[in-house]
Each structure stands twice: as structure tokens, then as C-alpha cells.
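curious how this folds, go ahead:
(one chain, ligands or ions: 1)
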Amino acid sequence: MSRSAHPAGPRHADVLPEGHFPAPPADLNALDAKVWARTVERDQDGVVTVGGIPVTRLAEEFQTPAYILDESDFRARARAWRTAFGHDADVFYAGKAFLCRAVVRWLNEEGLNLDVCSGTELATALSAGMPAERIAFHGNNKTSAEIRRAVEAGVGRIVLDSFQETVRVAHIAQQLGRRQKVQIRVTVGVEAHTHEFIATAHEDQKFGIPLAGGQAAEAVRRVLGLDGLELTGIHSHIGSQIFDMSGFEVAAHRVVGLLRDIRDEHGVELPEIDLGGGLGIAYTSDDDPREPHEIAKALTEIVARECEAARLRTPRISVEPGRAIVGPTAFTLYEVGTIKPLQGLRTYVSVDGGMSDNIRTALYDAEYSVALASRTSDAEPMLVRVVGKHCESGDIVVKDAFLPGDLAPGDLIAVPATGAYCRSMASNYNHALRPPVVAVSDGEARVIVRRETEEDLLRLDVG
Ligand code: LLP
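Residues are numbered from 1 along each chain as shown. Just a heads-up that it's a prediction; the model follows:
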């Protein structure tokens, strides 16, 4: 095929340095179910649809860029986690991944609890009717005002993160005449990312109290000595985007070791253990995440085995998945603008958003997939880098991907698996207006977080 047939860029075969880039997929029009929300498919015209609604209609009605969230998928994943862990365990959705009032209502209806890590996440949860006793409050630097608000509201759990905070929470609880349920977040010396974990590292971080050197044991002593606090358990969170369960195995072993020491020293068996979140999702076809029921089985067995060995009653387990619930349920819809082929390198495809709506690629070198969404194409694959419109050369949304060589300005492209840590980490860089979140369910689309407007931004600018 001649190059003129691909005005947008050179052919894959012309430019790919051997072995350096992933091979183009066999069929660029195919949508790998692993990375897309459950109701996503192509209609007869080749347009991507979600919940039966074509993205062309969504773009017309809500403009781009926009996060499109499949509500039925969110509910199904939340329910799958809930069912997998059953009634002897608790699932706390980690609100930091993405939180808004609609999400709080869905969680409430599906029987999940909620993790918050700021006073304003707490306010969002309470304003949408999440019962306070189903909320856990996290954070390494909760202010006294935040703690007071949480205790007053009656949150079910405050996760203590330092010695100073222990005293602060106890003091506030006493002032309010309450006895606050707390867990202590410990660092177990395990750091897990994707397929790797390190079992003897990483106490050098801002979260938690190290098990090492008896510091966590000392925190337990202090908490047990404070009237305003009821210690219900130990908390551990080991990392992000984890597929390999062996990190949890080491963490559970070490946490249960602490529970055993607590029993031996104080004669109390703490009734709860929280293993945190961090379970991975598929961002590209290369990722193979586990199903919630497999994760639940593995974690429950690990804890039961460790407790049996320590002759402890098995505590009630809780987990805190954020990404694994919301991540796969949304995609970002962009309109293609400038297309710039760089001879012998790749083609830069600019979209109408960028690092302001997805900072993860710039920040973590995260990998994403992308698809032409407003039509199909039989053109040759073209190696692209999808970039934003911001004044920053690191403003990359998808680093290496293939799109059809006939891609043109005005086409819609969609980046899947952007439900977690995209809207919640969005910024106003270059005074970008943060995109809306549109929830689609049963053939209906509605805005659950509206697009920011120029007036919103100017209202803050009071100079
Ligand atoms: N529990 C605790 C105590 C956490 O610190 C976190 C995440 C979670 C649960 C939820 O983790 P998840 O299941 O969503 O992985 N911004 C980063 C992720 C930061 C996660 C911080 N803590 C990213 O975009 O990958």
C-alpha cells in the first residue's frame, strides 16, 4: 500500500524499530472485553456503544472530553466483590479512586462500605446518605477539624496512622463523650506492584506505623491505654495494581504475628483485620486480573491458615478495593484534533484533553489502550502516541498504541479503564475545565458530575 493512502502517518511496517514496540493487534476494530466496560460493543455502523448508546450521540449531547461510566458495570463489580466476600467480611470501596454522590448511592444500595481520606470525601459520603457507621476514615495527616467531624458523625472506623494522631483522636472522642472504634495502620515491610513484591523493604514511607522495631506493638499499648478509643483491629495496605497474591501472604503472616503478640501481651484477641486495596485491573490486553471470588478465596484462606497456626480465632476480614471496582467501568471519550506524523518515528495524535484529565501516564508511566470509536476502519495500523493539548511535552495519554492509518481530525477515540484515579486526580492545568462524568444505564445517559465551566473557574479567581 502506498504511503499516500495513509495521509495521517507512515505505515507501521515502515517505521517500527525491530522488537522495540508491541505488535499491532490483529484486528484494530475489535474491542477486548478485558479492558472495556461490560456493555461496550460496536453497533451495525461500527460505532462504539455503551449501554446501547452510540458514542457519537454522547459526544453530541455532552461534548468531549468526557468520562463515560457504565453504571450497570459498576454495580455488577461492586456486587461481585460483596458476594465474593460474603457476610463474614466487609468490602470498603476506596473513594479516592473516584467519588461522587451517585457512586455513594450505588455503593449503599449494593451493600458496600466506604473508605474516605479527607473531610470533604466524608462530607460527600454523608451528603449522599452513606450511614456513618459504614464509613472508614483514613489519612496520614487528618486535621483536628476532620477528626472531630468524623467522630461527631459517628464513623464506624478511624484508621490511626501515627502516635500523635492516636492522642488527638482519643482527646477529641473524650471531649465529645464518645468511644471511637479505631484500627492501627501498620507497615509490614512489603511493597507490591503488579507482578513484583518486595518483602523486606519499604517502611521508609509516610503511611502507617512500622511493625519493625516494635513500633506497632508500642502503638497498640498506647491505644489500649486510652479511654476514648476502642481498638478493633490492624490495617495493612501494601501497594497498587497488584496481580500476584504473594505480597498479601507475607503481609497477612506479619499482621497475624502482631495479633498473636497482642494476645500474648494483653490477653485480647482483636476482632478485625483489614488487608487494604491495591488489586489490579486490565489496562491493556496484556494484563490478566483475577476475579473477586478468586481474590476473596485466596485472602480468606491465607488469613485462616495464619490464624490457625497462631491459634487465634479468625478475625473479620475487610478489604478496600477502589481501582478494581471503578477502574474498568469508564472510558474517556476524546475528539481527535491535530495529527502530526513524524518521519521515521511515530504519529502524534492530539486530543481535546490530556494530562489534566489523565495524569497517570505522565506520573506513573501508566499504560493504556485506545480505540477509534466513532467508526471502524480497514486501514493499516499506524503507530501513534496519543497526546493532550497542554503546554508540556510529557502530556501523554497513551504512550504506544495503534490506530488506523486513516484517522482524521474530528474522529472520536476512546481510552478504556479510566474510571479510577483519572477524574479524581484531574487538574485545571492551562485552565482546562475538568470533564463531566456521564453515567450510562439501560439506554439512558445522565451527567453525575457536570463539566466545569469558565464561570466556575472565574468565580474562584477573586483578585
Ligand atoms: N486502601 C488504602 C489504605 C489505600 O491507600 C488505597 C490506595 C486503597 C485502599 C485503594 O487502592 P486501589 O484498590 O484503588 O488500588 N493514584 C494511584 C493510586 C494511589 C493509591 C493510593 N492508595 C494510581 O493512579 O495508580
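
let's see the pLDDT reported for the spatially closest residue to residue 401 that is not a sequence neighbour.
Using Cβ to Cβ, 6 or more residues apart in numbering and skipping the chain neighbours, the partner closest in space to residue 401 is residue 370 (4.7 Å). Where you see a C-beta, it was placed from the backbone N, CA and C, and this is true even at glycine. At residue 370, the model reports a pLDDT of 98.

can you pull the phi and psi angles for residue 370?
phi -150, psi 150 (degrees, to the nearest 10).

try the one 5 residues further on
Dihedral angles of residue 375 (phi, psi; degrees, to the nearest 10) stand at phi -170, psi 170.

give the contact list for it.
Each residue near residue 375 by Cβ atoms under 8 Å, 6 or more residues apart in numbering is listed here: 45-47, 411.

what parts of the chain come near the ligand?
Residues of the chain found near the ligand (Cβ under 6 Å from any ligand atom) are 94, 96-97, 115, 138, 237, 240, 276-279, 320-324, 360, 364, 420-421.

which among the residues you listed end up buried?
Among the residues of the chain next to the ligand, the ones that count as buried by 16 or more other Cβ atoms under 10 Å are 94, 96-97, 115, 138, 237, 240, 276-279, 320-324, 360, 420-421.

in helices, which of those residues fall?
323-324, 360 (DSSP state H).

sorry, back to before: and the contacts of residue 375, which are buried?
Applying 16+ other Cβ under 10 Å to these flags 47, 411 as buried.

tell me which of the contacts of residue 375 fall in helices.
Short answer: these have none in helices (DSSP H).

and whatever helix or strand residue 105 lives in, average pLDDT?
Using DSSP states H and E, residue 105 sits in helix 101-110. What helix 101-110 shows for mean pLDDT is 98.

and it, what's buried?
Using 16+ other Cβ under 10 Å as the test for burial, helix 101-110 gives 102-104, 106-108, 110.

pick the one among those residues closest to residue 208.
Checking those against residue 208 with Cβ to Cβ, the nearest one is residue 107 at 25.1 Å.

the closest one reaches residue 77, doesn't it?
No. With contacts counted by Cβ atoms under 8 Å, residue 107 stays clear of residue 77, the gap being 11.1 Å.

centre of the chain to the helix holding residue 105, how far?
Centroid separation for helix 101-110 versus its chain: 16 Å, with Cα atoms, centre = their mean, to the nearest Å.

in terms of secondary structure, what does that helix contact?
Secondary-structure packing of helix 101-110 (3 or more Cβ pairs under 8 Å, 6 or more residues apart in numbering; DSSP states H and E): helix 71-85, strand 113-116, helix 119-127, strand 444-449.

now do the buried residues in the helix or strand hosting residue 218.
Using DSSP H and E, the element containing residue 218 is helix 215-224. Across helix 215-224, burial judged by 16+ other Cβ under 10 Å covers 215-217, 219-220, 222-223.

export those residues as a markdown table, with columns for pLDDT.
Below are the buried residues of helix 215-224 laid out as a markdown table (pLDDT from 0 to 100):
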| residue | pLDDT |
| --- | --- |
| 215 | 96 |
| 216 | 97 |
| 217 | 98 |
| 219 | 98 |
| 220 | 98 |
| 222 | 98 |
| 223 | 98 |
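
farthest-apart pair in those, please.
215 and 223 (12.7 Å).

picking that back up, give me the subset of the residues of the chain next to the ligand lying in strands.
If you go by DSSP state E, these have 94, 115, 240 in strands.

excluding chain neighbours, what is closest to the last one?
Across the structure, with Cβ to Cβ, 6+ apart as the measure, the residue nearest residue 240 apart from its sequence neighbours is residue 278 (5.0 Å).

show me the contacts for that neighbour.
Here residue 278 is in contact with 192, 237-242, 323 (Cβ under 8 Å, 6+ apart).

would you list the residues you listed in a markdown table and tack on pLDDT and distance to residue 58?
Formatted as a markdown table, the contacts of residue 278 follow (pLDDT from 0 to 100; distance: Cβ to Cβ, whole Å):
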| residue | pLDDT | distance to residue 58 |
| --- | --- | --- |
| 192 | 85 | 36 |
| 237 | 96 | 35 |
| 238 | 95 | 38 |
| 239 | 93 | 35 |
| 240 | 93 | 30 |
| 241 | 95 | 28 |
| 242 | 95 | 33 |
| 323 | 98 | 24 |
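
show me which of these is closest to residue 60.
residue 323 (30.4 Å).

show me the contacts for the nearest residue to that closest one once chain neighbours are set aside.
In this structure, residue 323 finds its nearest non-sequential neighbour in residue 420, 4.0 Å apart by Cβ to Cβ, 6+ apart. Listed by Cβ under 8 Å, 6+ apart, the contact partners of residue 420 are 97-98, 281, 322-323, 326-327.
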